[in-house]
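S.K.: When you get a sec, could you give me coordinates for this:
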Amino acid sequence: MRKSSLFTVFMVVFIGLMGFSFLIPLLPFLALQFGANELTLGLLLSSYALAQLIGAPILGRLSDQYGRRPVLIVSTLGTFAGLLMVAFAGDLRLLFLSRIIDGLTGGNISVAQAYITDITDEKNRARGLGILGAAFGLGFIIGPALSGVFSAIGRSTLNPAVAEGSSAFLQSFNWEYALPVFVASAISLFNVFQVIFTLPESLTPERRAELMEVPGRGFSFQALQQSLTRPRIGPLLVLRVLFSSAFSMFQAAFSLWGSLSLGLDAAGVAGVLTYVGFITVFVQGYLVGKLSDRFSD
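M.R.: Below you'll find the predicted structure:
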């Protein structure tokens with residue numbers, strides 16, 4: 001296992017998830033700022049997942065054909081572009097476009113998993129994928145935490161400072177939301193350069209040719225239907241969809257509920273989501289393993 005490549009892929013996933021989770025506490029407030037209602041907000045938050053559903057299988061197939069590195073470059077560039085568009089968004093249309101672009105190019109996690117599979121063998125593959133899972137969890141903890149910190153700085157420091165004699169351009173931003181998004185954009189740009197300059201390709205031309213000859217490789221609705229009818233896999237897939245739907249509904253509704261019922265601002269919402277991230281990592285990284293050892297999978 002190439003340790004330098006493993007570290008780079010860890011950072012790609014960690015920074016990617018951190019940039020994504022930066023937006024979770026902010027997007028509802030941004031959308032409301034542009035006059036969104038509850039339905040529009042739900043559609044905005046769903047647009048990323050729908051675009052990712054379309055884009056991820058395509059990116060996976062392209063990574064088999066052209067290699068993991070070019071696809072990871074495109075994916076990280078898409079995240080950077082999407083975040084930058086959020087920072088400069090002046091209406092709901094640009095917000096929707098930013099989430100769709102980010103979603104269509106948001107296959108970096110699945111491609112990163114494929115990269116880990118390429119550079120590991122059966123003996124250390126579980127460890128490599130476990131490290132990737134740790135990056136995922138840490139990104140969801142640190143992203144909302146930093147988002148809350150920079151949101152508070154923007155509200156208490158930058159907004160009053162900019163209001164006193166600054167240019168009209170700087171005054172056009174609500175820095176409570178703009179500052180954390182600009183920080184997330186800068187972090188994502190670092191991610192782009194990291195992939196370009198430090199990540200070698202994991203697939204040889206011969207291996208790419210082999211993968212392209214594998215029949216039925218990649219996503220298809222027929223394969224999904226077949227999986228759903230398998231007695232051991234189908235129920236697990238349904239449970240996964242239900243769990244993901246419930247958690248997504250929580251993410252979508254909590255910012256508004258926290259604001260209206262608890263008086264939380266974006267920084268307060270970010271603090272609660274950071275706490276949720278800690279609990280999630282503890283349960284998935286420690287408690288599930290202990291329960292599995294005691295009661296079996």
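S.K.: And V276, how far from G55?
M.R.: To G55, V276 is 27 Å away according to C-beta to C-beta, to the nearest Å. Every residue, glycine included, has its C-beta placed from N, CA and C.
S.K.: In terms of packing, which of those two has more residues around it?
M.R.: When V276 and G55 are compared for neighbours, G55 comes out ahead with 20 against 17, by other C-beta atoms under 10 Å.
S.K.: pLDDT at the spatially closest residue to that one that is not a sequence neighbour, what is it?
M.R.: Excluding its sequence neighbours, the residue lying closest to G55 (C-beta to C-beta, 6 or more residues apart in numbering) is L104, at 3.8 Å. L104 is assigned a predicted lDDT (pLDDT) of 90.
S.K.: Quick check, L104 in contact with L77.
M.R.: No. Assessed by C-beta atoms under 8 Å, L104 is found out of contact with L77, at 11.6 Å.
S.K.: which one of these two has more residues nearby?
M.R.: Neighbour count, other C-beta under 10 Å: between L104 and L77, L104 has more, with 22 against 18.
S.K.: Pull up the gap between that one and V12, please.
M.R.: Relative to V12, L104 is positioned 18 Å away (C-beta to C-beta).
S.K.: now do L77
M.R.: L77 is 12 Å from V12, by C-beta to C-beta.
S.K.: ok, now which ones touch L45?
M.R.: Applying C-beta atoms under 8 Å, 6 or more residues apart in numbering, we find L45 in contact with L27, P28, R99, S248, Q251, A252.
S.K.: give the contact list for the second one.
M.R.: It refers to P28. The neighbourhood of P28, defined by C-beta under 8 Å, 6+ apart, consists of L41, L45, A252, S255, L256, S259.
S.K.: Equivalent analysis for the first one, please.
M.R.: Residues counted as contacts of L27 (C-beta under 8 Å, 6+ apart) are L44, L45, V86, L95, S255.
S.K.: Now tabulate those residues in TSV and tack on distance to Q194.
M.R.: Below are those laid out as TSV (distance: C-beta to C-beta, whole Å):
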residue	distance to Q194
L44	29
L45	28
V86	21
L95	27
S255	30
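S.K.: between those residues, which is closest to F169?
M.R.: Using C-beta to C-beta, V86 is the member of these that sits closest to F169, with 17.2 Å.
S.K.: would you put the C-alpha positions of whichever strand or helix holds the closest one in PDB?
M.R.: Using DSSP states H and E, the element containing V86 is helix 68-88. Below are the C-alpha coordinates for helix 68-88, written out as PDB (Å, rounded to 0.1, in the frame of the first residue of the first chain):
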ATOM      1  CA  ARG A  68      -8.900   7.800 -11.200                       C
ATOM      2  CA  ARG A  69      -6.700  10.900 -11.200                       C
ATOM      3  CA  PRO A  70      -8.400  12.900 -14.000                       C
ATOM      4  CA  VAL A  71     -11.800  12.200 -12.600                       C
ATOM      5  CA  LEU A  72     -10.700  13.300  -9.100                       C
ATOM      6  CA  ILE A  73      -9.400  16.500 -10.600                       C
ATOM      7  CA  VAL A  74     -12.700  17.200 -12.300                       C
ATOM      8  CA  SER A  75     -14.600  16.300  -9.100                       C
ATOM      9  CA  THR A  76     -12.600  18.600  -6.900                       C
ATOM     10  CA  LEU A  77     -12.800  21.400  -9.500                       C
ATOM     11  CA  GLY A  78     -16.500  21.000  -9.600                       C
ATOM     12  CA  THR A  79     -16.700  21.300  -5.800                       C
ATOM     13  CA  PHE A  80     -14.600  24.500  -5.900                       C
ATOM     14  CA  ALA A  81     -16.700  26.000  -8.700                       C
ATOM     15  CA  GLY A  82     -19.900  25.200  -6.900                       C
ATOM     16  CA  LEU A  83     -18.800  26.700  -3.600                       C
ATOM     17  CA  LEU A  84     -17.500  29.900  -5.300                       C
ATOM     18  CA  MET A  85     -20.900  30.200  -7.100                       C
ATOM     19  CA  VAL A  86     -22.700  30.000  -3.700                       C
ATOM     20  CA  ALA A  87     -20.400  32.800  -2.400                       C
ATOM     21  CA  PHE A  88     -21.300  35.100  -5.300                       C
END
